[in-house]
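Asker: Give me a 3D structure for the following:
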Amino acid sequence: MSSPDFVFSLRLSGRPDAHMIGELTTSVLRFVGSPAAAAEIVEGLTSAAQKGLETDGYDVQFRAHGGELEVAMSRSGQPVWRTSRRLA
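Answerer: I've put the predicted structure just below:
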(Lines give C-alpha, C1' and ligand atoms only; values in the text may rest on other atoms or scores of the structure.)
Protein backbone atom coordinates (compact mmCIF):
# COMPACT_ATOMS: atom_id res chain seq x y z
CA MET A 1 0.00 0.00 0.00
CA SER A 2 1.42 3.39 -0.95
CA SER A 3 1.48 6.37 1.36
CA PRO A 4 -1.05 9.14 0.73
CA ASP A 5 0.13 12.40 -0.83
CA PHE A 6 -0.41 15.43 1.40
CA VAL A 7 1.00 18.74 2.61
CA PHE A 8 0.84 19.69 6.27
CA SER A 9 2.18 23.14 7.13
CA LEU A 10 2.10 25.13 10.30
CA ARG A 11 3.46 28.36 11.68
CA LEU A 12 4.82 28.09 15.19
CA SER A 13 5.09 31.25 17.26
CA GLY A 14 7.26 31.76 20.27
CA ARG A 15 10.34 29.85 21.27
CA PRO A 16 11.11 26.33 20.00
CA ASP A 17 9.55 23.50 22.00
CA ALA A 18 11.43 20.23 21.49
CA HIS A 19 8.69 18.10 23.05
CA MET A 20 5.99 19.56 20.80
CA ILE A 21 8.19 19.19 17.71
CA GLY A 22 8.86 15.57 18.66
CA GLU A 23 5.18 14.72 19.17
CA LEU A 24 4.14 16.40 15.93
CA THR A 25 6.86 14.78 13.83
CA THR A 26 6.27 11.33 15.30
CA SER A 27 2.54 11.60 14.54
CA VAL A 28 3.11 12.69 10.93
CA LEU A 29 5.67 9.94 10.32
CA ARG A 30 3.38 7.34 11.86
CA PHE A 31 0.63 8.53 9.50
CA VAL A 32 2.82 8.06 6.42
CA GLY A 33 4.10 4.70 7.69
CA SER A 34 7.68 5.70 8.45
CA PRO A 35 7.98 5.99 12.26
CA ALA A 36 11.59 4.72 12.24
CA ALA A 37 12.79 7.99 10.69
CA ALA A 38 11.24 10.09 13.46
CA ALA A 39 14.25 10.34 15.78
CA GLU A 40 16.60 11.68 13.10
CA ILE A 41 14.07 14.17 11.74
CA VAL A 42 13.10 15.38 15.23
CA GLU A 43 16.79 15.94 16.01
CA GLY A 44 17.25 17.99 12.83
CA LEU A 45 14.15 20.13 13.40
CA THR A 46 14.95 20.70 17.07
CA SER A 47 18.56 21.60 16.33
CA ALA A 48 17.54 24.05 13.59
CA ALA A 49 14.93 25.65 15.84
CA GLN A 50 17.35 26.01 18.75
CA LYS A 51 19.85 27.86 16.54
CA GLY A 52 17.30 30.64 16.05
CA LEU A 53 16.42 31.34 19.67
CA GLU A 54 16.66 35.06 19.03
CA THR A 55 13.78 34.77 16.54
CA ASP A 56 10.19 34.25 17.53
CA GLY A 57 8.35 31.91 15.23
CA TYR A 58 9.11 29.57 12.38
CA ASP A 59 7.29 27.53 9.74
CA VAL A 60 7.39 23.75 9.40
CA GLN A 61 6.13 21.83 6.38
CA PHE A 62 5.69 18.09 5.90
CA ARG A 63 5.09 17.12 2.26
CA ALA A 64 4.49 13.57 1.08
CA HIS A 65 4.45 13.07 -2.68
CA GLY A 66 5.35 10.21 -4.98
CA GLY A 67 6.63 7.97 -2.21
CA GLU A 68 8.88 10.59 -0.62
CA LEU A 69 8.48 12.71 2.50
CA GLU A 70 10.11 16.13 2.63
CA VAL A 71 10.34 18.03 5.91
CA ALA A 72 11.37 21.68 5.85
CA MET A 73 11.75 24.50 8.35
CA SER A 74 11.90 28.17 7.44
CA ARG A 75 12.05 31.44 9.34
CA SER A 76 10.89 34.74 7.84
CA GLY A 77 10.55 33.00 4.47
CA GLN A 78 14.17 31.84 4.48
CA PRO A 79 15.03 28.11 4.50
CA VAL A 80 16.65 26.97 7.73
CA TRP A 81 16.65 23.17 7.45
CA ARG A 82 15.39 20.49 5.07
CA THR A 83 15.50 16.72 4.71
CA SER A 84 13.73 14.04 2.70
CA ARG A 85 13.13 10.31 3.04
CA ARG A 86 11.78 7.63 0.73
CA LEU A 87 8.59 6.15 2.09
CA ALA A 88 8.04 2.41 2.12
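Asker: would you list every one of the strands in the protein?
Answerer: Secondary structure of the chain by DSSP state E: the strands cover 6-12, 58-65, 68-75, 78-86.
Asker: now these in JSON lines, with mean neighbour count and mean pLDDT?
Answerer: (Each C-beta comes from the backbone N, C-alpha and C, glycine too.) Shown next, in JSON lines, are those (neighbours: other C-beta atoms under 10 Å; pLDDT from 0 to 100):
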{"stretch": "strand 6-12", "mean neighbour count": "12", "mean pLDDT": "90"}
{"stretch": "strand 58-65", "mean neighbour count": "18", "mean pLDDT": "91"}
{"stretch": "strand 68-75", "mean neighbour count": "18", "mean pLDDT": "89"}
{"stretch": "strand 78-86", "mean neighbour count": "14", "mean pLDDT": "88"}
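Asker: need these in TSV with distance to L45, can you?
Answerer: Converted to TSV, the strands of the chain look like this (distance: least, C-beta to C-beta, whole Å):
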stretch	distance to L45
strand 6-12	10
strand 58-65	7
strand 68-75	6
strand 78-86	7
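Asker: how about E43, what does it touch?
Answerer: Counting by C-beta atoms under 8 Å, 6 or more residues apart in numbering, E43 touches no other residue.
Asker: going forward, begin numbering at 3 instead of 1
Answerer: Happy to do that; since the first residue is 3 now, the last one works out to E45.
Asker: Centroid-nearest residue for the protein?
Answerer: What sits nearest the mean C-alpha location of the chain, by C-alpha atoms, centre = their mean, is V73, with 4.3 Å.
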